[in-house]
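In: have a look at this prediction, sequence included:
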Amino acid sequence: MNRQLLAAVMTASAVIFPSASASAADDSTLHQVGTYDYLLQPDFTGLLETDRVTENTTLGLGTFANLDGEFVLVGGVAYRVPTTGIPERITGKELTPFVQAINFTPTKSGPVPPGTQCNQLIPAINELIGTDQGIVAVRVRGTFTQLQARSVPKQEKPWPSFATVLSQQTQFNLDGSKAALVGFRQGTNFLGIGQPGLHLHGITRGKNAGGHILSCTAGSDVQLSVQRASSVDIKN
């Protein structure tokens, strides 16, 4: 998807259907504020309140205005993970430049072999869902022998580059934690809408740690569940 088309999509609330099978009654729409390309401009200005996409959704990820923490939506409850690494429940009135959320009803699930790393999950996701295209909601849940997360500090104008922001990140070692990692696998036909490849945020079972997932290694009880988004509704 080129930048001219992205600009047109951002101009209005748009629904993009990746397949003819999507219908008005379908509850697998991906609800979104902003796009990944919007962040990379860079522009971290909040566009809408987070509750514009979290209402009636249960799984998602994103960030907040000024990149002030990582957004994680698990089981219908939304959290902000600041640079302390400790999740805080949000009110829904916080502004966001980028959030993706879906009412997660997995259509396929399967065990993840022990020792599998996060960067090895895409082939398993593609096999379960039957395609490497489109946008697929993903939940990876269980015990992780190795788990690294991060958050970034609040930014101010003039906006630094995304690479500069990432150089300021705070990392958290969550090895041995039981956690739910949630996010989206994006195909090449939706470049610019979300982060390319597999994008995961996570939170521990005790809700006492989380963030953007940098890496993970599955333990003996990890389960992968997936759901393909039938459409994408982008709000701004």
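Out: Happy to help now that I have it. Predicted model, so just to flag it, every value in this text is computed and none were measured. Residues are numbered from 1 along each chain as shown.

In: just the element for residue 180, please.
Out: Assigned by DSSP states H and E, residue 180 falls within strand 178-186.

In: and that strand, what does it pack against?
Out: On a contact count with 3 or more C-beta pairs under 8 Å, 6 or more residues apart in numbering; DSSP states H and E, strand 178-186 meets strand 59-63, strand 70-74, helix 122-129, strand 135-151, strand 197-204, strand 210-218. Backbone N, C-alpha and C define where each C-beta goes, glycine included.

In: excluding chain neighbours, give the residue nearest to residue 154 in space.
Out: By the measure of C-beta to C-beta, 6 or more residues apart in numbering, the closest residue to residue 154 outside its immediate chain neighbours is residue 68, 4.1 Å from it.

In: tell me the pLDDT of that neighbour.
Out: Per-residue confidence at residue 68 stands at 98 (pLDDT).

In: distance of the most far-flung residue of the chain relative to its centre from residue 41?
Out: In the chain, the residue that sits farthest from the middle, by C-alpha atoms, centre = their mean, is residue 158; the gap is 25.6 Å. Distance, residue 158 to residue 41, using C-beta to C-beta, to the nearest Å: 12 Å.

In: about what we covered before: count the neighbours of the residue nearest to residue 154 for me.
Out: Per other C-beta atoms under 10 Å, the neighbour tally for residue 68 reads 20.

In: confirm for me that it is in contact with residue 82.
Out: Yes - Residue 68 lies in contact with residue 82 (C-beta atoms under 8 Å); the separation is 7.2 Å.

In: so what's residue 75 up against?
Out: For residue 75, the contact set (C-beta atoms under 8 Å, 6 or more residues apart in numbering) comprises 58, 59, 180.

In: now do the contacts for the closest residue to the second one other than its chain neighbours.
Out: The spatially closest residue to residue 59, leaving aside those adjacent along the chain, is residue 104, at 3.7 Å (C-beta to C-beta, 6+ apart). The contact partners of residue 104, taken as C-beta under 8 Å, 6+ apart, are 57, 58, 59, 137, 139, 182, 225, 227.

In: widest-spaced pair of those residues?
Out: Pairwise distances across the contacts of residue 104 (C-beta to C-beta) peak at 15.7 Å, for the pair 57 and 225.

In: okay, now residue 99: neighbour count?
Out: Residues within reach of residue 99, counting by other C-beta under 10 Å, total 27.

In: now do residue 102
Out: 28.

In: partner residues bridging it?
Out: Residues in a beta bridge with residue 102, per DSSP bridges, are residue 59.

In: you'd agree it is up against residue 228?
Out: No - Residue 102 is beyond contact range of residue 228, at 10.0 Å (criterion: C-beta under 8 Å).
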